[in-house]
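> Here's a sequence, model it:
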Amino acid sequence: MRNRPYPSATVQQLCAALALPPATTAEGLRAAQKDEFHGNEFSLLVSHALGALAGPQWVQKHREEVRAAARLAYGGLSTARLAQTPGEEYCDITCVDAATGQPLPLRRRWIAVLIGALTPYLALRLEARLVSAARSSESPLAAALAARLGSFGEALRRLQLALFCLGRAPRRLVDVPLGIAHVRHGARAGSASSPYRSLGLLMLCQLALSSLALLAELRAAASARSRLRAIASVRRAARAGSLPPAAAPLLSAALCLHGMV
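Predicted coordinates:
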């Protein structure tokens with residue numbers, strides 16, 4: 001007899017009856033790393049194919065758009081087709097509805113794919129605009145923020161990964177509003193969460209130290225800005241005749257030395 005696919009109602013009943021256990025931290029990390037590797041390889045193949053058709057200059061000019069399109073195709077060929085991604089298949093896990101444990105509806109799968117593909121692209125565009133606006137400003141504080149702006153997104157990703165290792169956040173932030181959970185097929189062999197908790201704590205400590213260093217740099221930039229304003233006011237007073245001409249250089253030097261002490 002030829003095998004026939006299960007109807008959707010039967011699949012939902014099977015998932016509810018099996019009560020599949022949630023995926024472990026190790027499985028979530030391995031699946032994410034595997035998908036990142038295959039996604040980068042797929043993006044490279046797409047770039048080579050488009051380079052052969054439109055030329056390497058066009059691909060280089062639109063490299064971010066090409067990467068976003070490759071991420072969209074990668075998710076559309078796996079998650080949006082009610083199938084596992086290569087990383088999920090490697091770790092034998094799958095995404096389900098967090099409330100019912102049933103297979104995730106197609107609409108929510110496509111929303112997750114669109115958010116995962118377009119969010120990095122939109123974040124890069126917003127970051128480029130903010131950096132350009134900050135660099136055009138004459139404020140030392142804005143310049144310091146522009147120099148550190150590229151690291152804010154990476155810090156947020158590290159924070160989310162640290163919370164995931166501690167069991168306080170999902171593997172992807174989009175899973176919370178969309179009600180997505182990852183479960184593993186079969187019984188759980190064991191839990192290895194304690195090493196990942198230690199890793200999460202170390203990452204939080206690193207983020208805290210980086211934040212303190214950033215605050216010290218911003219404070220120094222604010223202090224430099226106030227010294228520049230004071231020097232400018234002293235020079236304006238000297239031009240207006242409120243100060244002797246010889247006093248302006250002395251006061252400016254004193255303000256500079258005060259900032260160095």
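
> Can you pull out the low-pLDDT segments for the chain?
Counting by pLDDT under 70, the chain contains low-confidence ranges at 1-19, 134-135, 137-151, 186-194, 221, 225, 227-261.

> mind redoing it with 90?
Counting by pLDDT under 90, the chain shows low-confidence ranges at 1-29, 80-83, 95, 98-106, 119-120, 122-179, 181-182, 184-204, 206-261.

> Can you show me the strands along it?
Counting by DSSP state E, the chain has strands at residues 93-97, 180-184.

> Kindly compare burial across these and name the winner.
Highest mean neighbour count among the strands of the chain (mean count of other CB atoms under 10 Å): strand 93-97, with a mean of 22. C-beta coordinates here come from the backbone N, C-alpha and C atoms, glycine included.

> what's the angle between it and strand 180-184?
Here strand 93-97 runs at an angle of 140 degrees relative to strand 180-184 (axes from the mean of the first three to the mean of the last three CA atoms, to 10 degrees).

> how much space between R107 and G179?
According to CB to CB, to the nearest Å, R107 stands 12 Å off from G179.

> Tell me, how many residues neighbour R81?
Counted with other CB atoms under 10 Å, residues neighbouring R81 total 12.

> any idea how far it is from L122?
24 Å.

> R63 now?
From R63 to L122 the distance is 15 Å (CB to CB).

> do the same with Y90
In terms of CB to CB, Y90 sits 29 Å off from L122.

> Same drill for these two, tell me which one is more crowded.
The neighbour count for Y90 versus L122, taken as other CB under 10 Å, is higher for Y90 (16 against 11).

> which residues touch that one?
R30, A31, K34 (CB atoms under 8 Å, 6 or more residues apart in numbering).

> so who does G87 touch?
Counting by CB under 8 Å, 6+ apart, G87 touches R30, A31, A32, Q33, K34, D35, E36, H38.

> Go again with 10 Å.
27-39, 78, 93 (CB atoms under 10 Å, 6 or more residues apart in numbering).

> G200 now?
T25, L159, L161, A162, L163, F164, C165, L166, G167, R168, A169, S193.

> swap in E36?
Counting by CB under 10 Å, 6+ apart, E36 makes contact with G87.

> ok, now F42?
So F42 contacts A70, R71, A73, Y74, L77, P86 (CB under 10 Å, 6+ apart).

> Tell me how many other residues surround the nearest residue to R171 once chain neighbours are set aside.
Take R171 and drop its neighbours on the chain: the residue closest to it by CB to CB, 6 or more residues apart in numbering is G28, 4.3 Å away. By the criterion of other CB under 10 Å, G28 has 23 neighbours.

> again with G39
21.

> ditto for P170
Neighbours around P170, by other CB under 10 Å: 18.

> How about A117?
For A117, using other CB under 10 Å, the count is 20.

> And the helices in the stretch 151-261 of the chain?
For the stretch 151-261 of the chain, applying DSSP state H, counting those that start in this stretch gives helices covering 175-178, 193-240, 247-260.
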